[in-house]
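Colleague: can you look at this prediction? I've put the sequence above it.
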Amino acid sequence: MSAQQEAGRGVGDVAAHHVLVLGAGYAGTAAAVQLAARARRRQDVRVTLVNAQERFTERMRLHGTATGQQLAELSVPELLEGTGARFVRGWVTAVDADARTVRVDDEQVLHYDTLVYALGGVADTAAVPGAEDHAYALNGAQDAEALAARLATLGSGSGTVIVAGSGLTGVESAAEIAERHPGLNVVLLGRQEPGAAMNARAGAYLRAALGRLGVRVRSGVEVAKVLPGAVELADGESVAADAVVWTSGTRVSPLAAAAGLAVDEHGRVVTDTALRSVSHPDVYAVGDAAAIRQGYGVMHGTCQSGMPTGVHAAVSILRTLKGKRPKPFRFGYYHTPVSLGRHDAVVQFTRPDDSPRRMCLTGRTAARYKETVTASPWPTYGRMKKMPASGAFWPRGGRFTRLSRITRIVGEAR
Ligand SMILES: Cc1cc2nc3c(=O)[nH]c(=O)nc-3n(C[C@H](O)[C@H](O)[C@H](O)COP(=O)(O)OP(=O)(O)OC[C@H]3O[C@@H](n4cnc5c(N)ncnc54)[C@H](O)[C@@H]3O)c2cc1C
């Protein structure tokens, strides 16, 4: 083993089992903190967390960052202090699943015994020509700040901002921009009607709020191309824009597929019920980067589900080290909180399969609920450091996620 590979192990503890967590987003941070806190007194387990930045990026606030609100300075290395886990800042450029190594910034090589793959996902700017070059996305703090700078230059004028993608990120972004920059003409373009997955009352509230904020909604349209200063729709119509915000689709890092891990059609790591890669059981995949099947289908990426996947992976790794079998992961969705500017929101409560229940919240109560949810991950990690078990509570989904149901659905899919 080279000196650089040795960097994955500490001096004097070469025999320790090294768990390497890639990505300090909502899921990877949950995995690293949970593991480090539970293994704090063990000499035979070492945890390293690798992330592109030291700052924990609250992705759920990036539409706010795009309209000039400051993100909190939340330091991942500081969070890990006292847990014994190590933080490595850098960009992961390759995973060698056979040699069990990870390359960081093309120069450092870290060895692992168990890998937790938590690199998340980004808006799919590769979906149409021009989006990568001419559209803004909310993939990280820098992207959001670049959009904020552009909006500030348009701020008092009467420019047009097109938000492409009428899913929840598109809705939240359009509402935020329209509220902060009332002089701008904000157009929300997408295939589906905004709020289409909500019940009638919540969906109607959401669309009325967009209307009150002056957002012009065009649903049933598909963007075919992004050009400098315009978007071209599938029917050939060109819509002029001073800024285009791309929120549609999700693209994951190509690293998992390049490493030979089994991935689905979106490049997400396909996992077994314990969240291990079906092709490489020493790799756990969590959060948006993983294709995790439940009784109701493959989970879609959210923070509410990402944190439990990280915690479950951590607990499973420690169970395995004790010679026990990991338990199947079960998760049921419970809400969809959507901000509509700073003072308004709608919260759709859901069944475990994410279908809407009758109950929803709207207005200022919903806005307070949404803020509580958005602010909760960081204090949750802090609590987990002291009491790891406090992070292990989430709705298991009842009959929607019983194993017999998963097995039956997997069987039907084959
Ligand atoms: C504007 C917006 C609003 C949202 N609102 C909500 C909401 O209200 N509720 C909800 O549940 N979800 C919401 N989401 C979705 C939610 O943010 C994601 O589902 C969640 O971030 C996924 O967590 P994750 O840990 O899998 O990935 P991420 O949080 O994306 O973390 C991935 C981490 O990996 C790092 N990384 C990636 N590639 C590399 C590499 N090669 N090398 C080193 N580091 C790397 C990234 O920098 C990042 O720190 C929202 C998303 C956006 C964009």
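Modeller: All right, it came through fine. Here the structure is a predicted model, which is why all the values come from computation and not from measurement. Numbering: from 1, shown residues only.
Colleague: can you check the pLDDT for Arg41?
Modeller: For Arg41, the pLDDT comes out at 86.
Colleague: next, count neighbours for the closest residue to Ala123 other than its chain neighbours.
Modeller: With Cβ to Cβ, 6 or more residues apart in numbering as the criterion, Ala123 has its nearest non-adjacent residue at 4.4 Å, and that residue is Ala137. Bear in mind the C-beta positions are built from the backbone N, C-alpha and C, glycine included. By the criterion of other Cβ atoms under 10 Å, Ala137 has 25 neighbours.
Colleague: which residues touch Ala137?
Modeller: 122-123, 125, 143, 245-247 (Cβ atoms under 8 Å, 6 or more residues apart in numbering).
Colleague: so where's this protein shaky on pLDDT?
Modeller: 1-14, 156, 403-414 (pLDDT under 70).
Colleague: going along the chain, name the helices of it.
Modeller: In the chain, the helices defined using DSSP state H lie at 3-6, 26-38, 62-65, 76-80, 131-134, 141-154, 168-180, 200-212, 255-258, 303-321, 363-375, 377-386, 403-413.
Colleague: would you list the ones you listed in CSV and tack on distance to Glu237 and mean neighbour count?
Modeller: Below are these laid out as CSV (distance: least, Cβ to Cβ, whole Å; neighbours: other Cβ atoms under 10 Å):
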stretch, distance to Glu237, mean neighbour count
helix 3-6, 54, 13
helix 26-38, 38, 29
helix 62-65, 26, 24
helix 76-80, 45, 19
helix 131-134, 17, 16
helix 141-154, 22, 17
helix 168-180, 19, 26
helix 200-212, 21, 19
helix 255-258, 36, 19
helix 303-321, 36, 24
helix 363-375, 35, 16
helix 377-386, 41, 17
helix 403-413, 39, 12
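Colleague: and these: which comes nearest Ala94?
Modeller: The closest of the helices of the chain to Ala94 is helix 255-258. By Cβ to Cβ, the value is 6.7 Å.
Colleague: can you give me the distance of the closest residue in space to Pro395 that isn't next to it in sequence to Ser355?
Modeller: In space, and not counting its chain neighbours, Pro395 is closest to Gly332: 4.5 Å by Cβ to Cβ, 6+ apart. To Ser355, Gly332 is 11 Å away according to Cβ to Cβ, to the nearest Å.
Colleague: out of the two, which sits in the busier spot?
Modeller: Higher neighbour count among Gly332 and Ser355: Gly332, with 21 against 13, using other Cβ under 10 Å.
Colleague: what residues does the stretch 101-250 of the chain put near the ligand?
Modeller: 118-120, 138, 169, 172 (Cβ under 6 Å from any ligand atom).
Colleague: can you list the domain ranges for the protein.
Modeller: 3-120+253-333+376-413, 124-249 (automatic domain parsing).
Colleague: and the contacts of Ala137 as CSV, adding distance to Thr362?
Modeller: Below are the contacts of Ala137 laid out as CSV (distance: Cβ to Cβ, whole Å):
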residue, distance to Thr362
Val122, 30
Ala123, 27
Thr125, 32
Asp143, 30
Val245, 25
Trp246, 28
Thr247, 22
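Colleague: which of these lies closest to Thr320?
Modeller: Checking the contacts of Ala137 one by one against Thr320 (Cβ to Cβ), the nearest turns out to be Val122, at 30.9 Å.
Colleague: so what's the closest one closest to, chain neighbours aside?
Modeller: Asn139 (4.1 Å).
Colleague: next up, the contacts around the residue of the stretch 151-300 of the chain found nearest the ligand.
Modeller: Closest residue of the stretch 151-300 of the chain to the ligand, Cβ to the nearest ligand atom: Gly287 (2.2 Å). Listed by Cβ under 8 Å, 6+ apart, the contact set of Gly287 reads 23, 25-28, 118, 120, 301, 306, 309-310.
Colleague: tell me the contacts of whichever residue of the stretch 51-200 of the chain sits closest to the ligand?
Modeller: Of all residues in the stretch 51-200 of the chain, the one sitting closest to the ligand is Gly120 (2.4 Å; Cβ to the nearest ligand atom). Applying Cβ under 8 Å, 6+ apart, we find Gly120 in contact with 23, 25, 27-28, 59, 252-253, 287-289, 301.
Colleague: what's the most distant pair in the residues you listed?
Modeller: Arg59 and Ser253 (15.1 Å).
Colleague: which of those two has more residues huddled nearby?
Modeller: Per other Cβ under 10 Å, whichever of Arg59 and Ser253 has more neighbours is Arg59, with 23 against 19.
Colleague: relative to the ligand, how far out is the residue nearest to the more buried one when sequence neighbours are not counted?
Modeller: Excluding its sequence neighbours, the residue lying closest to Arg59 (Cβ to Cβ, 6+ apart) is Gly25, at 6.8 Å. Between Gly25 and the ligand the computed distance is 2 Å (Cβ to the nearest ligand atom, to the nearest Å).
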